[in-house]
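Chemist: make a model of this:
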Amino acid sequence: MVSVKEQFDRLREAGECALIPFITAGDPDLATTAQALQVLDSSGADLIELGVPYADPLADGPTIQAAATRSLQKGTTLEAVLDLVKTVSPKISAPIILFTYYNPVLNRGVETFLKDIYAAGARGLVIPDLPLEEMDSLLIAAEQIGIAVILLVAPTSPEERMQKIVARSQGFVYLVSVTGVTGVRQEIANRVEGLLAELHKVTDKPIGVGFGVSEPAQAKQLKDWGADGVIVGSAIVKRLASGTPAEGLAAIGEFCTQLKAAIQ
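Modeler: Below you'll find the predicted structure:
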């Protein structure tokens, strides 16, 4: 299993932009999630973000909130998600990045949590509700264990704070394209082009852009603006939840292929 950095290094050498789809673990069920990870991997995904369902999300829009609710109603737990990752990660080439809020990390203990997700096969971690000022112990432990903690930069972040976040982010920098929560949007804010240029001036780390990407043309636009990776969440989650599990899997496979073709 390659690290997040190794995957981005490979893509840069090939001149490719990374496709990073997001799905929620356990929606519609864990068996379908296992299949979905493999479908995405074989359909062009370079890294995959896997959301751990949480009852009180802050950054998630209606589509992903609904997916998390359905998953929790089915009884999905962190343990079940880690068992899933342990089963599937050896079968795919895309590194798995876990997306979770901080409470499950705190409850388990930072070092224990990091060791457990690494042993399961995850190679990256996003925690949207943990501020930079409280991340020192997590970042130090993660670097030692081999988990890339990817930090988020918001469009509203002051320049000085943006530079601090970029300096500490591991693996790549996650640029949030909009002010607000996740969700499908018809257009990508023009300000993202300027933000990408600003970030590239202060770091050589890859920059992935997420929140609001809903179609291949938007993914291509982000690549043309200088994004090293495109993160697509709600549009994938929505397709996976449409129809039967088999229909949902077919839909995300086709969509993932279209997205990757647009940014190659």
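
Chemist: now the spatially closest residue to residue 235 that is not a sequence neighbour: phi and psi?
Modeler: Once flanking residues are discounted, residue 235 sits nearest to residue 214: 4.4 Å by CB to CB, 6 or more residues apart in numbering. Every C-beta, even on glycine, is put in place using the N, C-alpha and C of the backbone. The phi/psi pair for residue 214 (degrees, to the nearest 10) reads phi -130, psi 0.

Chemist: now do residue 122
Modeler: For residue 122, the backbone dihedrals (degrees, to the nearest 10) come out as phi -70, psi 150.

Chemist: dump the residue contacts of it.
Modeler: Residues in contact with residue 122 (CB atoms under 8 Å, 6 or more residues apart in numbering) are 50, 85, 89, 95-98, 147.

Chemist: what does residue 70 give?
Modeler: Residue 70 neighbours (CB under 8 Å, 6+ apart): 26-28, 241.

Chemist: name the nearest of those residues relative to residue 261.
Modeler: If you rank those by distance to residue 261 using CB to CB, residue 241 comes first, at 23.6 Å.

Chemist: could I have the buried ones of the contacts of residue 122 as PyMOL selection syntax?
Modeler: Filtering the contacts of residue 122 down to the buried ones (16 or more other CB atoms under 10 Å) takes a single PyMOL command:
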select buried, resi 50+85+89+95+96+97+98+147
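
Chemist: what's the closest of the contacts of residue 122 to residue 18?
Modeler: For those, the residue nearest residue 18 by CB to CB is residue 95; the value is 10.2 Å.

Chemist: give me the pLDDT for residue 61.
Modeler: On the pLDDT scale, residue 61 is placed at 67.

Chemist: which secondary structure element contains residue 212?
Modeler: Using DSSP states H and E, residue 212 sits in no helix or strand.

Chemist: tell me the confidence at the residue positioned nearest the centre of the chain?
Modeler: Centroid-nearest residue in the chain, with CA atoms, centre = their mean: residue 49, separated by 3.5 Å. pLDDT for residue 49: 98.

Chemist: that one pairs with what?
Modeler: Residues in a beta bridge with residue 49, per DSSP bridges, are residue 22, residue 97.

Chemist: residue 74 versus that one, what's the distance?
Modeler: Per CB to CB, to the nearest Å, residue 49 is found 20 Å from residue 74.

Chemist: same thing with residue 24?
Modeler: 11 Å.

Chemist: looking at the two, which is more packed in?
Modeler: Per other CB atoms under 10 Å, whichever of residue 24 and residue 74 has more neighbours is residue 24, with 33 against 14.

Chemist: hang on, isn't the more buried one packed against residue 68?
Modeler: Yes: between residue 24 and residue 68 there is a contact under CB atoms under 8 Å: 5.6 Å.

Chemist: need the residues touching each of the two.
Modeler: By CB under 8 Å, 6+ apart, residue 24 and residue 68 have these common neighbours: 51, 53.

Chemist: now do the helices in the chain.
Modeler: With helices called from DSSP state H, the chain shows them at 4-14, 30-42, 62-73, 78-88, 102-108, 110-120, 136-145, 159-168, 191-202, 216-225, 234-240, 245-263.

Chemist: list the helices and strands the fifth one packs on?
Modeler: Here helix 102-108 is seen to pack against helix 110-120 when contacts are counted using 3 or more CB pairs under 8 Å, 6 or more residues apart in numbering; DSSP states H and E.

Chemist: wait, the residue nearest to the centre of the chain touches residue 95, no?
Modeler: No: judged on CB under 8 Å, residue 49 makes no contact with residue 95 at a distance of 10.0 Å.

Chemist: between the two, which contacts overlap?
Modeler: The contact lists of residue 49 and residue 95 share residue 124, where a contact means CB under 8 Å, 6+ apart.
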